[in-house]
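1. Sequence and predicted structure are below.
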Amino acid sequence: MGHGGNVIDELTTDHREVEEFFERLRALPTGHKDRRTVVDELTVELVRHSVAEEMYLYPAVREYLPGGDALADKEIQDHAEVERILKDLEHLDVDDPRFEDLAQKLIMEVTEHVSEEEQQLFPSLAQVCTPQELDRLGDRIRRAKKVAPTRPHPGAPDTPPGNKLLAPGAGLVDRVRDFVTGRGKA
């Protein structure tokens, strides 16, 4: 999907990208050093996606869907759980046995969250929103993700925003979240 694409197409595309990261992770043997790179890239991708959903998707869910508040609260709780796992992963070496356990747990949590959104949330939203509203939400989500940092690379960038993101200090999850929400502005 290039530009265009309503909110459902946009977020579904994100979901498929996240699943590709899972495949890459599964393809690497336990303890392989490249697993760190994949998890870091995946962290950036998941946090960007989460922030975009929290900024635009969930307010729409609250507004348009019956019982929307409870739904949105549950989704945000899911995100918090995923981010907790990501934060725990940040501190582990790939050869730590817990790395594997947490990676599995992450895949499970995210997969469940994705299927919930795609089977329940998105169809419900499509029923109550006009195509124009869905398109507008799609545009907003794309804009939110554009300001998001690009993926971290081993050859760490020395120019903003990359250097800010990879600077030591707060964990990657918090740095990405601050950056995307604009909270990280010095």
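-> Cool, the structure landed. The structure displayed is predicted, hence computed values, not measured ones.
2. low-scoring stretches of this protein, by residue?
-> Residues of the chain that meet the criterion pLDDT under 70 lie in 1-4, 147-170, 183-186.
3. all helices in it, in order from the N-terminus.
-> For the chain, the helices defined by DSSP state H occupy 7-27, 34-52, 58-64, 68-90, 97-116, 122-128, 131-146, 162-166, 172-181.
4. ok, now how distant is the spatially most central residue of the chain from G182?
-> Nearest to the mean C-alpha position of the chain, by CA atoms, centre = their mean, lies L46 at 1.9 Å. According to CB to CB, to the nearest Å, L46 and G182 sit 19 Å apart. (Each C-beta comes from the backbone N, C-alpha and C, glycine too.)
5. before we move on, what about F122?
-> From F122 to G182 the distance is 27 Å (CB to CB).
6. Same drill for these two, tell me which one is more crowded.
-> A direct count of neighbours by other CB atoms under 10 Å for F122 and G182 places F122 higher, at 20 against 8.
7. does that one really touch D9, like I thought?
-> No - using CB atoms under 8 Å, F122 makes no contact with D9, being 9.6 Å away.
8. Would you confirm that A72 contacts M55?
-> No - counting by CB under 8 Å, no contact exists between A72 and M55, whose distance comes to 11.9 Å.
9. The two: which is more packed in?
-> With neighbours defined as other CB under 10 Å, A72 and M55 compare such that A72 has more, 21 against 15.
10. circling back: ok, the residue nearest to the centre of the chain - contacts?
-> Shown in contact with L46 (CB atoms under 8 Å, 6 or more residues apart in numbering): 18, 82-83, 86, 110.
11. What's the separation between L46 and G68?
-> Using CB to CB, one gets 23 Å for the distance from L46 to G68.
12. for L125, same thing?
-> Relative to G68, and taking CB to CB, L125 is found at 10 Å.
13. Show me which of the two is the more surrounded one.
-> Neighbour totals were compared for L125 and G68, and L125 leads with 22 against 19 (other CB under 10 Å).
14. can you pull the contacts of the residue lying closest to R24 once chain neighbours are set aside?
-> Excluding the flanking residues, the one nearest R24 by CB to CB, 6 or more residues apart in numbering is V38, at 5.1 Å. The contact partners of V38, by CB under 8 Å, 6+ apart, come to 21, 24-25, 28.
15. what's the closest of the residues you listed to D78?
-> Nearest to D78 among the contacts of V38, counting by CB to CB, is F21 at 17.6 Å.
16. Surely the closest one is in contact with V44?
-> No - contact criterion CB under 8 Å: F21 and V44 do not qualify, at 10.1 Å.
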